[in-house]
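Visitor: no FASTA, just this:
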């Protein structure tokens, strides 16, 4: 498995687990006492956790395959990255447009901000999944 495919797998799993946990926690605490102020701390903590997990797992992957980690991206990997970047654009654009419409019809700003954040997470998952698909399929 190429090093950049390993990184895509790491990113996909870390994103789903860490930010999935954020949205589950947010949903469970929705509407409780002080839930808006608590959710900001939860978001910051989740983001720090995501960064730590990504760094740790990337270092482990690089230590296990140092030659692959040091190698520059070849033409195939550049093409895969380019093709995979199309999917997150549509996911993020759709989420941003939906958030704008929701704000115009009177949706709570906190809900809109979290929906926009969810759109960013969906876009990242789409990119990682597309990269894995193209690595497996052969772009």
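Guide: Alright, I've got the coordinates. Not measured: the values here are computed from a predicted model.

Visitor: Residue 42 touches residue 24, doesn't it?
Guide: No. At 10.7 Å, residue 42 does not count as touching residue 24 under the criterion of Cβ atoms under 8 Å. All C-beta spots, glycine's among them, are computed from the backbone N, C-alpha and C.

Visitor: more crowded one of those two?
Guide: residue 42 (16 against 10; other Cβ atoms under 10 Å).

Visitor: where does the more buried one fall, helix, sheet strand or coil?
Guide: Per DSSP: H, G, I helix; E, B strand; the rest coil, the local secondary structure of residue 42 is helix.

Visitor: What separation do you get for the residue located most distally from the centre of the chain and residue 84?
Guide: Distance from the C-alpha centroid of the chain, by Cα atoms, centre = their mean, peaks at residue 33 (28.9 Å). According to Cβ to Cβ, to the nearest Å, residue 33 stands 43 Å off from residue 84.

Visitor: Could you pull out the helices in this structure for me?
Guide: Using DSSP state H, the helices of the chain run over 3-14, 20-29, 35-64, 66-70, 75-84, 86-104, 109-137.
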